[in-house]
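K.L.:
need the 3D shape of this:
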Amino acid sequence: MTKGTLSLQRCETYDQKLVYNAIQKLLAPLGGIKAFVKPGYRVLLKPNMLSCKEPEKAATTHPAVIEAVARICCEAGATVFIGDSPPAIFGRAEEFWDKTGFAAAAANSGAQLLNFESGDKKLVRFNSNGRQLTVYVTQHYYEADLVINLPKMKTHNLTRITGALKNLFGLLPGLAKAQWHKAFPRPVEFSDFITDLAHQLPCGLTIMDGIEGMDGQGPAGGRVVKPGVLMAATSPVTIDLGFCKIVGLNPEEIPMLRRCQALNWGAASLDQIEIVGEPIETLTIRDFRVPRLATMSLVPEWLINLARKLFWAGPRLLPDLCIKCGRCKKICPAAAIVISESGAEFNRKSCIACFCCMEVCPVDAIEMKTSSLLGLLFKLRGIKRNIRKRKN
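P.N.:
Just a heads-up that it's a prediction; the model follows:
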């Protein structure tokens, strides 16, 4: 017995007409858009708008895919909205929309852009990692008759992949996302949290943009790759299983998918899924670089605490560059930063070394500082690397 259908279509460029036609073909085996959208529906498209980067960087869902899906939904009689909540938007939604191409996609398709940061939120309670959690989700999610998940095919340094399941993390507005990184700093714990959250937020349809993706040190700074594929399914679990197959990953090595099995949510493998459209064997790609699961997730807590005293890294301010804008203070999940007359000041005892402050600093006024022992190890690694280069 199958637990869903995975539809696949080859699409190797972001030519708008080609993408539009490919998505129509992609949805046909699932009943077409009319199987999901009825006239008068409010449809929310949830793309990946991780950072304020151009579409060719492959850090965000491409606007050609967003525009095509929005236009197809509008033609079916829906009112369409596009929204996401990046981790460091800080009121600059318009800048993100313009840079990523989302604004043009909305204008061309007749959709409307939503700023999750300024809207109402709804409280959701659920259990994860043995704790009862209280999470605030954008009210826009609950006002929609249909939510279409539009993830990007990318890797992630913490969860290994950031596909359909993790894309729903963006339904949490504002700085809450950084706080959950603090609450669950280990990869498996955080992956379980992401999966448990996604389980609370069902979507009627998921379409993955894999025309171009990212491997290596994702989700923002990796290498652009070109799988040339679009995927659609009613379950995000099905999409992420397809993602794994195409890039040569064992789903058992993805903590989020292991958690899905524990929840008995979705298919356990592609053997339980009906695959339609392009044969998946013709879409597999080689040399897709996926970060390994952080070895720290396997180290006992007492040993980590000991190591922290000898090997530590944290942020350090370059005071001549600091403009005292306060973005680092706002993003810090540990509340370890204050802004004084001389600029940002860091409390190392509270700091969890997530370096979110470095990511959001607009003038690169924050750098990494390490303990003497860790600095020595970095130096030795650099010497070793230079020796290898000379030998080659």
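
K.L.:
the helices in the stretch 201-350 of the chain, which residues?
P.N.:
Using DSSP state H, counting those that start in this stretch, the helices of the stretch 201-350 of the chain run over 236-247, 255-263, 301-310, 327-331.

K.L.:
in a markdown table, list the ones you listed along with mean neighbour count, distance to Leu44 and mean pLDDT.
P.N.:
For glycine as for every other residue, the C-beta is placed from the backbone atoms N, C-alpha and C. Output for these, formatted as a markdown table (neighbours: other Cβ atoms under 10 Å; distance: least, Cβ to Cβ, whole Å; pLDDT from 0 to 100):
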| stretch | mean neighbour count | distance to Leu44 | mean pLDDT |
| --- | --- | --- | --- |
| helix 236-247 | 26 | 15 | 98 |
| helix 255-263 | 20 | 22 | 97 |
| helix 301-310 | 10 | 40 | 56 |
| helix 327-331 | 21 | 26 | 86 |
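
K.L.:
as a markdown table, these with distance to Leu8 would be great.
P.N.:
Shown next, in a markdown table, are these (distance: least, Cβ to Cβ, whole Å):
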| stretch | distance to Leu8 |
| --- | --- |
| helix 236-247 | 7 |
| helix 255-263 | 19 |
| helix 301-310 | 42 |
| helix 327-331 | 38 |
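
K.L.:
Provide a list of residue ranges in the stretch 101-250 of the chain with pLDDT below threshold.
P.N.:
175 (pLDDT under 70).

K.L.:
please identify which of the helices of the stretch 201-350 of the chain is closest to His181.
P.N.:
helix 327-331 (10.5 Å; Cβ to Cβ).

K.L.:
which ones are touching Asp240?
P.N.:
Residues in contact with Asp240 (Cβ atoms under 8 Å, 6 or more residues apart in numbering) are 161, 163-165, 251, 254, 256-257.

K.L.:
go again using 6 Å as the cut-off
P.N.:
163-165 (Cβ atoms under 6 Å, 6 or more residues apart in numbering).

K.L.:
pick the one among those closest to Ile275.
P.N.:
So of the contacts of Asp240, ranked by how close each gets to Ile275 (Cβ to Cβ), first place is Ala164, at 16.0 Å.

K.L.:
neighbours of that closest one, how many?
P.N.:
For Ala164, the neighbour count with other Cβ atoms under 10 Å is 30.

K.L.:
look up how far Ala176 lies from the residue nearest to it when sequence neighbours are not counted.
P.N.:
Setting aside the residues directly before and after it, Ala164 is nearest to Pro236 in space (Cβ to Cβ, 6 or more residues apart in numbering), at 3.4 Å. As judged by Cβ to Cβ, to the nearest Å, Pro236 and Ala176 stand 20 Å apart.

K.L.:
can you get me the start-to-end distance on stretch 32-41?
P.N.:
16 Å (Cα to Cα, to the nearest Å).

K.L.:
please identify the buried residues of that stretch?
P.N.:
Neighbour-count burial for stretch 32-41, counted by 16 or more other Cβ atoms under 10 Å, picks out 33, 36-37, 41.

K.L.:
with stretch 178-185 instead?
P.N.:
Within stretch 178-185, the residues scored as buried using 16+ other Cβ under 10 Å are 178, 180-181, 184-185.

K.L.:
stretch 278-288 too?
P.N.:
278, 280, 283, 285, 288.

K.L.:
sorry, back to before: next, the contact list for the residue nearest to Ala164, please.
P.N.:
By Cβ under 6 Å, 6+ apart, the contact set of Pro236 is 149, 164-165, 206.

K.L.:
adding secondary structure and distance to Val247, write those residues out as CSV.
P.N.:
Below are those laid out as CSV (DSSP: H, G, I helix; E, B strand; the rest coil; distance: Cβ to Cβ, whole Å):
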residue, secondary structure, distance to Val247
Asn149, strand, 19
Ala164, helix, 14
Leu165, helix, 15
Thr206, strand, 17
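
K.L.:
rebuild these as a markdown table, extending it with distance to Arg292.
P.N.:
Putting these into a markdown table (distance: Cβ to Cβ, whole Å) gives the following:
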| residue | distance to Arg292 |
| --- | --- |
| Asn149 | 27 |
| Ala164 | 22 |
| Leu165 | 19 |
| Thr206 | 26 |
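
K.L.:
what's the spacing between the spatially closest residue to Asp364 that is not a sequence neighbour and Ala64?
P.N.:
Excluding its sequence neighbours, the residue lying closest to Asp364 (Cβ to Cβ, 6+ apart) is Leu321, at 6.6 Å. In this view, Leu321 and Ala64 are 37 Å apart by Cβ to Cβ.

K.L.:
could you dump the buried residues of stretch 278-288 into JSON lines with distance to Leu270 and pLDDT added?
P.N.:
As requested, the buried residues of stretch 278-288 are arranged in JSON lines below (distance: Cβ to Cβ, whole Å; pLDDT from 0 to 100):
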{"residue": "Glu278", "distance to Leu270": "14", "pLDDT": "97"}
{"residue": "Ile280", "distance to Leu270": "8", "pLDDT": "97"}
{"residue": "Leu283", "distance to Leu270": "12", "pLDDT": "97"}
{"residue": "Ile285", "distance to Leu270": "16", "pLDDT": "95"}
{"residue": "Phe288", "distance to Leu270": "17", "pLDDT": "96"}
